[in-house]
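Colleague: Predicted model and sequence follow; I will ask about them next.
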Amino acid sequence: MKKSLPTGIVGIGGSAGALNVYKALLDHLSADTGMAFVIISHMHPDAFSQLAQILARHTKMPALVAVAAMPIRANHVYVIPANADLEVEKHKFKVTSPRSRRNVQVDLFFASIAAFGDRAIGVIVSGYGGDGSAGCKRIREAGGITFAQDESAEFDGMPVSAQGSGCVDFVLPPDKISAALIEIGARFARRV
C-alpha cells in the first residue's frame, strides 16, 4: 500500500480557457512521476462533466472523478466533481456537496494540500477571477511550490491574481510547467 501513496500532490486550478491547458500539461507529463494530479476546474453546478474522460485521452495515467473517501494514488489524475468542494485528508478525498460558494474551490483544495508541506504543489492556469491566490499563499507558507501560467493564458485573471499575491514561485507556459513537475517528481523520488 505504501508504494501507491503519491510522493507529492499537485493541485491544478483553472476556469475559462483551462481545458486546453489541462490537456497540454498532461500531454507533456510522464506517467511515472510518482505524484498525484488533481484538476480543480470551475464548473456549472448542474453540469455533467466529462472532463475525466476527455483528459484520459491525454495521459497514460488513470483519470478519475474524485469521490468521498477515495484514496489518492501515485500516477493518477483526479477531477473535482461538479457542484462540490474537494479537499484532502490523510491521503483520501473529502467531498462536500453542494459546494460552499462559487469559485473558491481552488483555494479550498490548495489549503487542504498545504498539510503536505514541501510535497504540496499548486498550479494556477487560465481563468477569470482570483480563486487560487489565497491557496498559493497557504502552500507557499507550508514550504510547497507554486506555479502560474504565463501570458499564454487565454484568460489571465486567475494567474495574474496569483502572481499579484507574491506567492508564486514560477511563471511558465504549460509545457515548461510539465517539465518542472517531472523534475520535481524525480527529486521527490530520490528523497523517499
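Modeller: Sure, I can see it.

Colleague: In the chain, spot the helix with the most residues.
Modeller: helix 174-191 (DSSP state H).

Colleague: List the contacts of that helix.
Modeller: Contacts with helix 174-191, where a contact means Cβ atoms under 8 Å, 6 or more residues apart in numbering, come from 7-8, 10, 21, 24-30, 33-35, 119, 121, 123, 125, 145, 147, 149, 152, 170, 172. C-beta here means a position set from N, CA and C on the backbone, and glycine is covered the same way.

Colleague: which residues does residue 24 contact?
Modeller: 174, 175, 178.

Colleague: what do you get if the cut-off is 7 Å, keeping everything else the same?
Modeller: 174, 175 (Cβ atoms under 7 Å, 6 or more residues apart in numbering).

Colleague: Now the phi/psi pair for it, please.
Modeller: The phi/psi pair for residue 24 (degrees, to the nearest 10) reads phi -60, psi -40.

Colleague: Please, a PyMOL command that selects the buried ones among the contacts of helix 174-191?
Modeller: Applying 16 or more other Cβ atoms under 10 Å to the contacts of helix 174-191, the buried members can be selected in PyMOL as follows:
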select buried, resi 7+8+10+21+24+25+26+28+29+33+34+35+119+121+123+125+145+147+149+152+172
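
Colleague: Which ones among the contacts of helix 174-191 map onto helices?
Modeller: Checking the contacts of helix 174-191 against DSSP H, those in helices are 21, 24, 25, 26, 27.

Colleague: Quickly note the distance from the second one to residue 128.
Modeller: In this structure, residue 24 and residue 128 are 19 Å apart, going by Cβ to Cβ, to the nearest Å.

Colleague: ditto for the fourth one
Modeller: Residue 26 sits 23 Å away from residue 128, going by Cβ to Cβ.

Colleague: now swap in residue 65 and tell me
Modeller: 23 Å.

Colleague: Between the two, point out the one with more neighbours.
Modeller: More crowded of residue 65 and residue 128, by other Cβ atoms under 10 Å: residue 65, with 19 against 15.
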